[in-house]
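Trainee: quick one, fold the following:
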Amino acid sequence: MNSTKAIAMAFISGLIFAAGLALGGMMDPVKVRGFLDIFGIPAGRWDPSLAFVMGGALIVAFAAFRREWMRAKPWAGGVFEFPSAKQIDARLILGAVLFGMGWGIAGYCPGPAIASGLVGGSSILIFLAAMVVGMLIAKRVAK
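Mentor: Below is the predicted model:
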């Protein structure tokens, strides 16, 4: 696959992903925090609607991956690449904990944050800057 086609496919995929995040409410930090607050403090504030968004995305992804894996090679060309790491280690657990804490506090995870960056606002720009700094620190610590 040539680089122009790859860039075009990545761009279209990103647009579809961003549209899904926006339509599903994943770019609204108040809605995300309401979903993550399973204890509903104060009582009755839990918003389970994002579970349906995520469930719908999982069903579509599962069907698409099952169909794609039946092919000899990926539809877009190249080869199938799978992660080689199979173990759960301290680095993975720490990363998951930090991700979850950041998602719960800010109401953003990287995908919705980047999509929200297009809309603007100082809070999202601060979050994106902090996310980039965190990634740079993590890359340096991982060496």
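Trainee: report how many residues lie close to residue 108.
Mentor: The number of residues packed around residue 108, counting by other Cβ atoms under 10 Å, is 25. (Each C-beta comes from the backbone N, C-alpha and C, glycine too.)
Trainee: could we number from 38 for the rest of this?
Mentor: Done: numbering now begins at 38, and the last item shifts to residue 145.
Trainee: my guess is it contacts residue 70. True?
Mentor: No - assessed by Cβ atoms under 8 Å, residue 145 is found out of contact with residue 70, at 9.8 Å.
Trainee: what's the local residue count around residue 84?
Mentor: Residue 84, neighbours per other Cβ under 10 Å, totals 16.
Trainee: again with residue 66
Mentor: The tally of other residues near residue 66 (other Cβ under 10 Å) stands at 19.
Trainee: OK, contacts around the closest residue to it other than its chain neighbours?
Mentor: Leaving aside its sequence neighbours, residue 66 sits nearest to residue 144 (Cβ to Cβ, 6 or more residues apart in numbering; 2.5 Å). Each residue near residue 144 by Cβ atoms under 8 Å, 6 or more residues apart in numbering is listed here: 65, 66, 67, 68, 69, 70.
Trainee: for the residue lying closest to the first one once chain neighbours are set aside, give its distance to residue 87.
Mentor: The spatially closest residue to residue 65, leaving aside those adjacent along the chain, is residue 144, at 7.6 Å (Cβ to Cβ, 6+ apart). Between residue 144 and residue 87 the distance is 11 Å, computed by Cβ to Cβ, to the nearest Å.
Trainee: now do the shared contacts for the two.
Mentor: Common neighbours of residue 144 and residue 87 (Cβ under 8 Å, 6+ apart) are 68, 69.
Trainee: tell me the pLDDT of residue 47.
Mentor: pLDDT for residue 47: 86.
Trainee: contacts for the strand or helix carrying it, please.
Mentor: Assessed by DSSP states H and E, residue 47 sits inside helix 40-61. For helix 40-61, the surrounding residues in contact (Cβ under 8 Å, 6+ apart) are 63, 64, 87, 90, 94, 113, 148, 149, 152, 155.
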